[in-house]
Structure formats: C-alpha cells, structure tokens
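Engineer: make a model of this:
(one chain, ligands or ions: 1)
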Amino acid sequence: MGQRVFVLGATGTIGQATVRALLRRGHEVVCLVRPRAGVKGTLTPAHSARLFAGAAVRFGDVTDPASLAREGFRGERFDALVSCLASRTGAPEDAWAVDHRAHVLALDAARQAGVTQVVLLSAICVQKPLLAFQQAKLAFEGVLVESGLTYSIVRPTAFFKSLSGQVERVKRGQPFLVFGDGTLTACKPIGDDDLADFLATCLDERDRHNRVLPIGGPGQAITPRQQGEQLFALLGRPPRFKQVPVALLDAVIGVLGTGGRLLPALAAKAELARIGRYYATESMLVLDPVTGRYDAEATPSTGTMTLFDFYRGMLSGAIAPERGDHAVF
Ligand SMILES: NC(=O)c1ccc[n+]([C@@H]2O[C@H](COP(=O)([O-])OP(=O)(O)OC[C@H]3O[C@@H](n4cnc5c(N)ncnc54)[C@H](OP(=O)(O)O)[C@@H]3O)[C@@H](O)[C@H]2O)c1
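Structural biologist: Predicted coordinates for the structure are as follows:
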C-alpha cells in the first residue's frame, strides 16, 4: 500500500533519484524545496515542478519552523518522512544548520503531522567522525534513534559523482592523480538509483526498521588506483598516474588553518582541505570497531550499476553528473 511521504532534500543527487523510486513504488510524495534550488540555485520553481512530475512540490525553508509548518506540512497528515537533506558545502556552520538543526525541526514537525517512520540518508564516514559535518550528522542520528519513531538510517559508501572528478582531465590526456600509491583507501561505489531504491524500500522492509544500515554498490571494493586503471582501459590507453603525497595536504591544512584564525575565508578552505585529507586516507567501508580496520567483506552491497558503467556513460556523453560544491573531490 502506498504511503503519504514527505521528502526533504529532493533536489539533491540522491533526493531526485529517491523521489523517482518512491513514485515507482506507488507512494504519494510531497517535497519541500527551496524556491531557488539545485547546484548554485539554478532550479527555479517551474524547473522543480517539472523535475518532480507525479509528486507535489511545495516551496519553503526547512530551516525555519514556521515555514516547515505553513508551506511544508500545512496541517496535513503524513505516514513517513524521507530525508536526503544535507549541507551542500560540508562547512561546519552550514552542516550544523542543515544536517542537524533543520533535521531536528523537521522531525518535530513530522511527528506533529502524524509521521511514524523516518528514513534518513546519512553517510558511512560518520562511523569515524573527525569532521564537523560528520559530527552534525551523527548528532541528528542520535536524536532520531531516541525519538521513538521507526527509523532506518542509511549510511552509503561513495557516490559515483564523487569518484568521477578526473574523467575529463584523463580524457584530455592528463594523468590520474592518486594520494600515496593509490591504494591507501578502498570503497564500494553505489549508484544513485540503486541507493534510491534501497532508501525507498526501507519504508516496507521490516528488517530495515530501527537499524543503521551501511550500504555499498555491487562487486568488490576498489582502490583509487583501480579506478584509474579502469578509466584508462575504457579509453584504450596505457595507465598513467601522478602520485601526490598526503603530507602535501597536511602542509596545506597547516597553512590555511593558521591563516584561518584571522580570515574566515581561509578557515573554510582549511575545512575543505581537511575533508579532502579524510577521503584521501579513510576507506568508505564498514569499520571494524575491534580491529580499527576497514572491512570490505562486512560492507553490504546492493544494486547493479558499477562505477565503470558510469565512467562508460560519461565517456560516451550519455551521463553528465552535476558535481556542484563537491567538485573539488
Ligand atoms: N558524495 C558521496 O560520495 C557521499 C557518500 C556517502 C554519503 N553521502 C551523503 O549523502 C547525502 C546526500 O548527498 P547528495 O549528493 O544527494 O547531496 P546534494 O546533491 O548536495 O543535495 C543536498 C540536498 O539538500 C538540500 N539542502 C542543502 N542545504 C539546504 C538548506 N539550507 N535548505 C534547504 N535545503 C538544503 C539541497 O537543496 P538545494 O537544491 O536547494 O540546494 C539538496 O536538495 C549527504 O549527506 C552526503 O554526506 C555522500
């Protein structure tokens, strides 16, 4: 039976795929989006309405409790809240405002609207929370777990868009950049639609209720070096790598961090560099709390699309990911 689902973060990469997945499953979907949404605010209300044909689109501000009630829930009843909402920058202030505070407000408003179930898109990296945005996400996960509502907290591994930043430069003939020798980390990349299906089915699948669910895509875990090798193979060229020492990132963080004590703009860049260092050195796989090691075998898989299918689509021009503020990675 279709449910009445309130969706946050619908205009993001996974949000768009999740709205499609919910509609495919016969749910009634209401999205609350910003009047200027999408990467760099390029989606107008007319664009958003077209994008979500089959769903109701409401325009408001999820960070404002009055707007959530007036433009969002409108005193109506809903069965479930599905959130793909997340700070677009990962900068500390924005992360706490969006990944934590806005979610707390939305949870409160949802409960008042009769919602009994919440599906939250989180991230696998919160298992080792060294960055502000991870701490903000984890803090809201805790609020949700304590809420008494049925929850599914989905912690995916890396998205294709975040692993495709070098396709264009390699196509132009430049080498593939890796930190260290390119084998410091590994992940099981997951496709947007595969993740969206997983999120949407959390509504019905009881074994996904009241659980934290790490999830990756199909196949073996792959390192950045394997990503590069496969990209060159798809282009029919011999692999060419340029190795970047992690110490370089440490130096950049040091300089920007010092400057950031005086200039907020430098502090923001320092946080971006810290985020970059995190992904250069930490795997997006389940972390074994006993050994402190990342465990590919313990990381569940779902879906069918691989990163290399995605690369193939990009090289043929069939796929053009919107990389937005994460383009730096
Ligand atoms: N990238 C990866 O590899 C990866 C891996 C695992 C987990 N994740 C996690 O997955 C989540 C979603 O990723 P994504 O790539 O789908 O995100 P995204 O494309 O950046 O979308 C973020 C969504 O949140 C909304 N949003 C952000 N700030 C807002 C604000 N102040 N008010 C209202 N709406 C706001 C955006 O709306 P607008 O369109 O209006 O900006 C958009 O709908 C994130 O939590 C990320 O940490 C990412």
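Engineer: next, count neighbours for C84.
Structural biologist: 24 (other Cβ atoms under 10 Å). Quick note: C-beta positions are derived from backbone N, CA and C, even for glycine.
Engineer: same question, the one 4 residues further on
Structural biologist: Residues within reach of R88, counting by other Cβ under 10 Å, total 16.
Engineer: what's the answer for P245, then?
Structural biologist: By other Cβ under 10 Å, 10 other residues sit near P245.
Engineer: tell me how many other residues surround the spatially closest residue to it that is not a sequence neighbour.
Structural biologist: Closest residue to P245 apart from its sequence neighbours, by Cβ to Cβ, 6 or more residues apart in numbering: G180 at 7.2 Å. Per other Cβ under 10 Å, the neighbour tally for G180 reads 16.
Engineer: contact partners for G180?
Structural biologist: Counting by Cβ atoms under 8 Å, 6 or more residues apart in numbering, G180 touches Q243, P245, V246, A280.
Engineer: ok, and which of those residues reach the ligand?
Structural biologist: Residues of the contacts of G180 in contact with the ligand (Cβ under 6 Å from any ligand atom): none.
Engineer: mind giving me the ChimeraX command for buried ones among these?
Structural biologist: Restricted to buried positions by 16 or more other Cβ atoms under 10 Å, the ChimeraX selection for the contacts of G180 reads:
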select :280
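Engineer: and of the contacts of G180, the nearest to the ligand?
Structural biologist: Comparing those against the ligand with Cβ to the nearest ligand atom places A280 closest, at 13.7 Å.
Engineer: spatially, which two of the contacts of G180 are the most separated?
Structural biologist: Within the contacts of G180, Q243 and A280 form the most distant pair, 11.6 Å apart (Cβ to Cβ).
Engineer: give me the common contacts of the two.
Structural biologist: With Cβ under 8 Å, 6+ apart as the test, Q243 and A280 both reach F179, G180.
Engineer: circling back to that earlier point, would you mind measuring from the residue nearest to P245 to V255?
Structural biologist: Separation of G180 from V255 (Cβ to Cβ, to the nearest Å): 21 Å.
Engineer: any chance of CSV for the contacts of G180, columns secondary structure, distance to A298 and pLDDT?
Structural biologist: Below are these laid out as CSV (DSSP: H, G, I helix; E, B strand; the rest coil; distance: Cβ to Cβ, whole Å; pLDDT from 0 to 100):
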residue, secondary structure, distance to A298, pLDDT
Q243, strand, 29, 97
P245, coil, 30, 95
V246, helix, 25, 94
A280, helix, 22, 96
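Engineer: just name the closest of the contacts of G180 to A66, please.
Structural biologist: Comparing the contacts of G180 against A66 with Cβ to Cβ places A280 closest, at 42.0 Å.
Engineer: isn't the closest one up against L249?
Structural biologist: Yes. Counting by Cβ atoms under 8 Å, A280 touches L249, with 6.2 Å between them.
Engineer: need the residues touching each of these two.
Structural biologist: Both A280 and L249 are in contact with F179, where contact means Cβ under 8 Å, 6+ apart.
Engineer: residue contacts, T18?
Structural biologist: V7, A10, V82, C84, L121, L195, A196, L199, A200.
Engineer: and the helix or strand that it is a member of, what's buried?
Structural biologist: Assigned by DSSP states H and E, T18 belongs to helix 13-24. Going by neighbour count (16+ other Cβ under 10 Å), the buried part of helix 13-24 is T13, I14, G15, Q16, A17, T18, V19, R20, A21, L22, L23.
Engineer: downstream neighbour of that helix in the secondary structure list?
Structural biologist: Helices and strands here follow DSSP H and E; after helix 13-24, the next one along the chain is strand 28-33.
Engineer: let me know the average pLDDT across that next one.
Structural biologist: Averaged over strand 28-33, pLDDT sits at 98.
Engineer: pull out the buried positions in whichever helix or strand comes after it.
Structural biologist: For strand 28-33, the following helix or strand on the C-terminal side (DSSP H and E) is helix 45-51. Buried residues in helix 45-51, counted by 16+ other Cβ under 10 Å: S48, A49, L51.
Engineer: same check on stretch 202-211?
Structural biologist: Residues C202, L203, R208 are the ones in stretch 202-211 that count as buried (16+ other Cβ under 10 Å).
Engineer: just those residues now: which is nearest V57?
Structural biologist: Nearest to V57 among the buried residues of stretch 202-211: L203, at 20.1 Å, using Cβ to Cβ.
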